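Student: This is a predicted model, with the sequence first.
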Number of protein chains: 2
Amino acid sequence: MPTIVVEVMPKAELLDPQGKAVAGALGRLGKTTFSGVRVGKRFEITVDGAVDAAVLAEVQELADTVLSNSVIEDVVGIHVVEEAAAAASN
Amino acid sequence: MPTIVVEVMPKAELLDPQGKAVAGALGRLGKTTFSGVRVGKRFEITVDGAVDAAVLAEVQELADTVLSNSVIEDVVGIHVVEEAAAAASN
C-alpha cells in the first residue's frame, strides 16, 4: 500500500527549545560544524488503495488542521512514497 | 548555509502509540481512506560551511548515536537540502 509522508516543522521565526537542546548537546560533544538544529515531526500515513488527487487534497487538509498546529508549525512537505521504496528503507 | 535533514521513525515491528492515537482520531473524523499512521521525528541541522563526505559521515554517526534511539527507532533518511530549497519551503 502506498504511504504518504507529511513533514511538519516549527515555524522559522519561533524558538524551538527541543532543537536548542539538541544543538547544545552537539556543542558539548565537540561538534562545532553545526550551527543550529530544529526538530519537527514526520508522519507516515498508509493509504488503502490508490493515491489520487482527492486523497492528496484530503491529506493536505488533514496536515493543515489535524497533524500540525498552524500557530506554531508549518507543513513543509507532503509526498507519496511507493510501497517498494518504503520497504527498501526498512 | 546548507541544511542536512535527518529522518527518524519508530521501528516497523514496534507499536507506535502516538501514531495509533492519530489513526484513531482520523477514524473518528470519518477518514476511512487511511489504514495506519506512524509518527517520527525530522531534524534539520544547519551546517557551517560546505557539506563534504566528512560532514555527512559525522551526521550519520550522530543520527545513529544521538538523534535516534536504536533500540526503538530507525534512521530512515539523511539528505542535504541546499539553502535555496530551504528558503523556498518557508
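Tutor: Good, I have the coordinates.
Student: who in chain A is up against chain B?
Tutor: Counting by C-beta under 8 Å from any C-beta of the partner chain, the positions of chain A adjacent to chain B are A:1, A:7-9, A:12, A:19, A:22, A:25-26, A:29, A:31-49, A:55, A:58, A:62, A:66-67, A:74, A:76-77, A:89-90. Backbone N, C-alpha and C define where each C-beta goes, glycine included.
Student: pLDDT below threshold where in chain A?
Tutor: By pLDDT under 70, the weakly predicted segments of chain A are A:83-90.
Student: Would you tell me which helix is longest in it?
Tutor: When every helix of chain A is counted residue by residue (DSSP state H), the longest turns out to be helix A:17-28.
Student: residues making contact with it?
Tutor: A:10, A:34-39, B:43-44, B:62, B:66-67 (C-beta atoms under 8 Å, 6 or more residues apart in numbering or on different chains).
Student: can you tell me which of the residues you listed are in strands?
Tutor: Among the contacts of helix A:17-28, the members found in strands (DSSP state E) are A:10, A:34-39, B:43-44.
Student: The residue in chain A sticking out farthest from the centre in helix, strand or coil?
Tutor: Going by C-alpha atoms, centre = their mean, the residue of chain A most distant from its centre is residue A:30, 27.5 Å out. Going by DSSP: H, G, I helix; E, B strand; the rest coil, the secondary structure assigned to residue A:30 is coil.
Student: give the contact list for it.
Tutor: Applying C-beta under 8 Å, 6+ apart, no residues qualify as near residue A:30.
Student: And for residue A:76?
Tutor: Contacts of residue A:76 by C-beta under 8 Å, 6+ apart are A:7-9, A:40, B:89.
Student: Filter these down to just the buried residues.
Tutor: Neighbour counting with 16 or more other C-beta atoms under 10 Å in any protein chain shown marks A:7-9, A:40 as buried within the contacts of residue A:76.
Student: buried sites along stretch A:64-80?
Tutor: Buried-residue list, stretch A:64-80, by 16+ other C-beta under 10 Å: A:64, A:67-68, A:73-76, A:78.
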